[in-house]
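Peer 1: quick one, what's the 3D model for this:
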Amino acid sequence: MRVGVIGLGIMGGAIAERLLATGQEVFVYNRTREKAEPLLALGAKWADTPAAVAAQSEVVISIVTDPAAVEQIAFGEHGVLHALPSDSVHCEMSTVSVAWTRHMARTYRQAGKRFVQAPVLGGRKQILEGTLLVFGGGAEDDVVRCEPAWRAFSDKIWRFPTAEQATTTKLACNMLIAHMMVGLGQSLLFAAKGGVSPATLIDILSKSNLGAPMYSTKGKALLERNFRANFFVRHLLKDLTLAEEAARETTTLLPLNALTRELFVAAMQQGYADEDYSAVVKVLENLAGIEIKEETP
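Peer 2: Have a look, this model is predicted:
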């Protein structure tokens, strides 16, 4: 299958790598060509513009940071929309607002072009293992068209009738990720203040109905003081803000989201923007006056 990948950051680069590893013909574009060089060495083909990617691809996957980048890729002078063949699909995997998703789907539909919103859950590790989760929203035929490409890096796909539902699902998941991280940090600090080892509490969680893989992996990273980013603080703050915007549209109250978002704002202000989202726990540590870390003998 001929697949285009636009945006070669942590996620996009891994998606392109996995597509190549499974025998797909891959066309790539990134604002800076340097990020493409390792993929070109693996057999990817460079395109000078998003339009050039679209013209050669059956499925175009784009995954970038924010709506401004999505807009340029899709609707810019050398964007995907006008160059996309009538039987090809633009699959947008970036996390954007529900309103922006609606706008994109409508614009493609009015232009007689095919569009699917397909945000994902998981990170680079899951992509390379082929276990990423995909939320595909759009016309059923268009979602089905994308699935052979998705199967290269995903073992579970959920189909939604509309693009907006896919985005809503992604934002709901990311809100919970943020809440879980704050809750884990709060409990570990509470335990530590009471003389209970954070490692002991993490072990207890892992063996109870409270256990979740995230608590084990992020708990271990906290103990090791490892905040190397899989998902940046600034990106999760963006998603919490997008969820608030969507909630206002549906008159849904998100009281926990408001508090969690303020902690992520504080994390940004304290200089943790480009650290892993688990660095929000540093805000709680600063308030508590202690750090979560491994005990020294």
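
Peer 1: looking at this protein, which helix or strand is least sure?
Peer 2: helix 67-75 (a mean of 91; mean pLDDT, DSSP states H and E).

Peer 1: ok, and for that helix, which residues are buried?
Peer 2: 67, 69-71, 73-75 (16 or more other Cβ atoms under 10 Å). Any C-beta I mention is one placed from the backbone N, CA and C, and that applies to glycine too.

Peer 1: summarise which helices and strands it is packed against.
Peer 2: strand 59-62, helix 80-83, strand 89-92, helix 98-110 (3 or more Cβ pairs under 8 Å, 6 or more residues apart in numbering; DSSP states H and E).

Peer 1: tell me the most buried of those?
Peer 2: Neighbour counts (mean count of other Cβ atoms under 10 Å) averaged over each of those peak at strand 89-92, with a mean of 29.

Peer 1: now what about it, what contacts it?
Peer 2: Here strand 89-92 makes contact (Cβ atoms under 8 Å, 6 or more residues apart in numbering) with 54, 58-63, 70, 74, 80-81, 84, 101, 104, 108, 113-118, 136, 142, 145-146, 149.

Peer 1: mind doing that once more with 6 Å?
Peer 2: 59-62, 80, 84, 114-118, 142, 145-146 (Cβ atoms under 6 Å, 6 or more residues apart in numbering).

Peer 1: where is the longest helix in this structure?
Peer 2: The longest helix of the chain (DSSP state H) is helix 163-193.

Peer 1: now the strands for the protein?
Peer 2: With DSSP state E as the criterion, the chain has strands at 2-6, 25-29, 45-46, 59-62, 89-92, 114-117, 120-121, 132-137, 154-160.

Peer 1: among those, which is nearest Leu184?
Peer 2: Taking Cβ to Cβ, strand 120-121 is the member of those nearest to Leu184, at 18.2 Å.

Peer 1: quick check: domain ranges of this structure?
Peer 2: Domain assignment for the chain by automatic domain parsing gives 2-161, 168-288.

Peer 1: can you say which of those is packed in most?
Peer 2: It is domain 2-161: most buried of these by mean count of other Cβ under 10 Å, with a mean of 20.

Peer 1: okay, the strands of the chain in TSV with mean pLDDT and distance to Arg18 next?
Peer 2: Formatted as TSV, those follow (pLDDT from 0 to 100; distance: least, Cβ to Cβ, whole Å):
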stretch	mean pLDDT	distance to Arg18
strand 2-6	98	10
strand 25-29	98	10
strand 45-46	98	16
strand 59-62	98	11
strand 89-92	98	15
strand 114-117	98	19
strand 120-121	96	12
strand 132-137	98	9
strand 154-160	97	9
